[in-house]
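Enquirer: Show me how the following folds:
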Amino acid sequence: MVEETKKITEMILDAAQKAREETSNEPEPELTRPLQWPIQATIGPGLEGAIACESKIGYVNGSKGWLIYRGYDIFDLCAYSTFEEVSYLLLMGKLPTAAELEEFKLKLINYRFLNQTLRMLMSSPVESMNTMSALRLGTLLTRRLITLLDLEDGSPTPADYINSDEDSIPMETAPIGELHAIYEFKHRSDDMDDTEACFHLIAGLSTITAAISRIRQGRMPLEPNPKLSHAANLLYMITGREPTAVEERVMDIALILHADHGMNASTFAAMVVASTLSDIYFSVGAGIAALNGPLHGGANEQVVRTLIEIGDERNVKSWVEKSLASKGKIMGFGHRVYKTYDPRARVLGVLAKHLAETNESIKPLFNTAQALEKEVGTQIGTKKKIFPNVDFFSGIVYSCLGIAPEMFTPIFAVSRVSGWTARVLEYLENNRIFRPRAMYTGEFNKGYIPLDQR
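Expert: Got it, this is the predicted structure:
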């Protein structure tokens, strides 16, 4: 490890120490134990507070600023691990041995080559498409080449289907036939199995994302370099040059930070599709679609635009006062879960500072961000428990790495696909189709009025 990357490790460990000094070390007992179904929960709009399943994959403690992957603290993983290791951890439930990691890396190297998929993708108007739409299209094109499920003889036979009442819920009559779904993500004998398909998606989304970036610049996609790591390959395929050791390490850490984050909207969307016994490619496509929504992905792009709008750190105070007076939303602050400093923002903040120090075009942007963080903290942060979230600094980091703002959310997906696929596979071990109910507030006993009398 070169001296510069050692410095990055030290910065992360310093951020970890500060975070641990500000929080206690007790988990939430009511959210960290096995369940005995059925359970009672206080549920708000949007299923807030609902418990949908058990999971050993990840844990978020919003009041203490914790993010845990399979028992490992996010700070330790960022300081010592790699995205390949973390992806293996999320999917397989343990850190790999040296031999297992080498085998996994070789699979990712092979699965990054998607020449046929990219040829089909380039036949679409990628230059004028929303980047997330293009990513979802590329994912589905990959599905078509890897599986036979889109072909007539690749569909399940009627005998394979579960009774249509499989979508019933526990308080209703149990389904006729099997108590649980038995038609899982079945494949033809010449298809890859589910775990391999997850590996394929983790590798493939990076290639597709990089290709979209290149095509939008009017350039041809680049083939992956088998000698480079996952993070380095992503940057190489986007920028056309091999990244420095520091750039590679920073990208690696950014991917680790975004890999999983509890039952967020895109993860839930992927799991809902999987619970119907669709397939892993459609499930990931659903996650991409949810991540495209402005309430989920894309806030880091808006943060950069906000910083550009402010223009200079000297303008921050008046801009914040004006924004608060008009009840405007300040992008990059606050989080649905965190009521303290987002641990991911702690790491990305020191990385953004480190990169901006040697980037003259981005340094003014970072200085404005620092001033904005301080001003928001002074005016509303402590009182309302509003702190920077993962999006506040990530856009600055990506900009320093040569990534265009419209590619920020696809980069998010390149990382989160590890969490999506891990949680889908875990849920399918004890699958039950998601089927919440709605409270009907409409009318009854209305008489039908013929068309000529309306």
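Enquirer: What residues does the residue nearest to residue 226 when sequence neighbours are not counted make contact with?
Expert: Counting by C-beta to C-beta, 6 or more residues apart in numbering, residue 226 lies nearest to residue 109, which is 4.8 Å off, once chain neighbours are set aside. Placement of C-beta: from N, CA and C, glycine included. Residue 109 sits next to 203, 224, 226 when contact means C-beta atoms under 8 Å, 6 or more residues apart in numbering.
Enquirer: tally of neighbours for the first one?
Expert: So the one you mean is residue 203. Residue 203 has 25 neighbours, counted by other C-beta atoms under 10 Å.
Enquirer: for it, helix, strand, or coil?
Expert: Classification of residue 203 using DSSP: H, G, I helix; E, B strand; the rest coil returns helix.
Enquirer: So it is in contact with residue 107, correct?
Expert: Yes: between residue 203 and residue 107 a contact is recorded at 7.4 Å, counting by C-beta atoms under 8 Å.
Enquirer: circling back to that earlier point, now the residue nearest to residue 226: how far from residue 245?
Expert: Applying C-beta to C-beta, to the nearest Å, the value for residue 109 to residue 245 is 20 Å.
Enquirer: can you check residue 447 too?
Expert: Separation of residue 447 from residue 245 (C-beta to C-beta) stands at 75 Å.
Enquirer: Can you list phi and psi of residue 48 for me?
Expert: For residue 48, the backbone dihedrals are phi -60, psi 130 (criterion: degrees, to the nearest 10).
Enquirer: For it, which residues are in contact?
Expert: Residue 48 neighbours (C-beta under 8 Å, 6+ apart): none.
Enquirer: how near is it to residue 230?
Expert: 34 Å.
Enquirer: now residue 421
Expert: Residue 421 is 15 Å from residue 230, by C-beta to C-beta.
Enquirer: more crowded one of these two?
Expert: The residue with more neighbours, out of residue 421 and residue 230, is residue 421; 27 against 24, by other C-beta under 10 Å.
Enquirer: Next, the contact list for the nearest residue to the more buried one once chain neighbours are set aside, please.
Expert: In space, and not counting its chain neighbours, residue 421 is closest to residue 198: 3.8 Å by C-beta to C-beta, 6+ apart. Contacts for residue 198 (C-beta under 8 Å, 6+ apart) come out as 91, 280, 421-422, 425.
Enquirer: same deal with residue 16?
Expert: 73, 75-76, 79, 346.
Enquirer: Now list the buried members of the residues you listed.
Expert: 73, 75, 79, 346 (16 or more other C-beta atoms under 10 Å).
Enquirer: before we move on, back to that, from the contacts of residue 16, which land in helices?
Expert: Cross-referencing the contacts of residue 16 against helices under DSSP state H gives 75-76, 79, 346.
Enquirer: Turn the contacts of residue 16 into CSV, including pLDDT and distance to residue 295.
Expert: Below are these laid out as CSV (pLDDT from 0 to 100; distance: C-beta to C-beta, whole Å):
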residue, pLDDT, distance to residue 295
73, 95, 28
75, 96, 27
76, 97, 31
79, 97, 31
346, 93, 23
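Enquirer: I'd like those laid out as TSV, including distance to residue 368.
Expert: As requested, these are exported to TSV (distance: C-beta to C-beta, whole Å):
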residue	distance to residue 368
73	31
75	27
76	32
79	28
346	19
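Enquirer: What is the nearest of those to residue 17?
Expert: residue 75 (8.7 Å; C-beta to C-beta).
Enquirer: you'd agree residue 398 is up against residue 250?
Expert: No: counting by C-beta under 8 Å, residue 398 sits too far from residue 250 to count as a contact (9.6 Å).
Enquirer: can you give me phi and psi for residue 312?
Expert: phi -160, psi 150.
Enquirer: Secondary structure element for the spatially closest residue to it that is not a sequence neighbour, which one?
Expert: Nearest non-adjacent residue to residue 312, counting by C-beta to C-beta, 6+ apart: residue 368, 6.5 Å away. Taking DSSP states H and E as the definition, residue 368 sits inside helix 363-376.
Enquirer: residues making contact with that helix?
Expert: Contacts for helix 363-376 (C-beta under 8 Å, 6+ apart): 303-304, 307-308, 310-313, 315-317, 319-320, 330, 333, 352-353, 356-357, 386, 388, 392-393, 396, 399.
Enquirer: For it, buried residues please.
Expert: For helix 363-376, by 16+ other C-beta under 10 Å, it's 363, 365-373, 375-376.
Enquirer: Closest one to residue 297 out of these, please.
Expert: Once C-beta to C-beta is applied, the member of the buried residues of helix 363-376 that ends up nearest residue 297 is residue 369, at 19.6 Å.
Enquirer: follow-up on the earlier one: can you list the ones in helices among the contacts of residue 16 in CSV and add distance to residue 128?
Expert: Below are these laid out as CSV (distance: C-beta to C-beta, whole Å):
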residue, distance to residue 128
75, 41
76, 43
79, 42
346, 38
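Enquirer: Which members of those residues define the maximum pairwise distance?
Expert: 76 and 346 (13.3 Å).
Enquirer: that older thread, comparing residue 447 and residue 245, which shows the higher neighbour count?
Expert: Just comparing residue 447 and residue 245: by other C-beta under 10 Å the higher neighbour count belongs to residue 245, 14 against 4.
Enquirer: Tell me how far that one lies from residue 4.
Expert: For residue 245, the distance to residue 4 - C-beta to C-beta - is 6 Å.
Enquirer: repeat for residue 247
Expert: Residue 247 is 10 Å from residue 4, by C-beta to C-beta.
Enquirer: next one: residue 204
Expert: In terms of C-beta to C-beta, residue 204 sits 31 Å off from residue 4.
Enquirer: if you count what's nearby, which of these two comes out ahead?
Expert: residue 204 (27 against 13).
Enquirer: and that one, what is it in contact with?
Expert: Contacts of residue 204 by C-beta under 8 Å, 6+ apart are 111-112, 114, 117, 138-139, 142.
Enquirer: what's the closest of those to residue 100?
Expert: residue 111 (16.4 Å).
Enquirer: Let me know the average pLDDT across the helix or strand containing the residue nearest to residue 421.
Expert: Secondary-structure assignment from DSSP H and E places residue 198 in helix 194-216. For helix 194-216, the mean pLDDT works out to 96.
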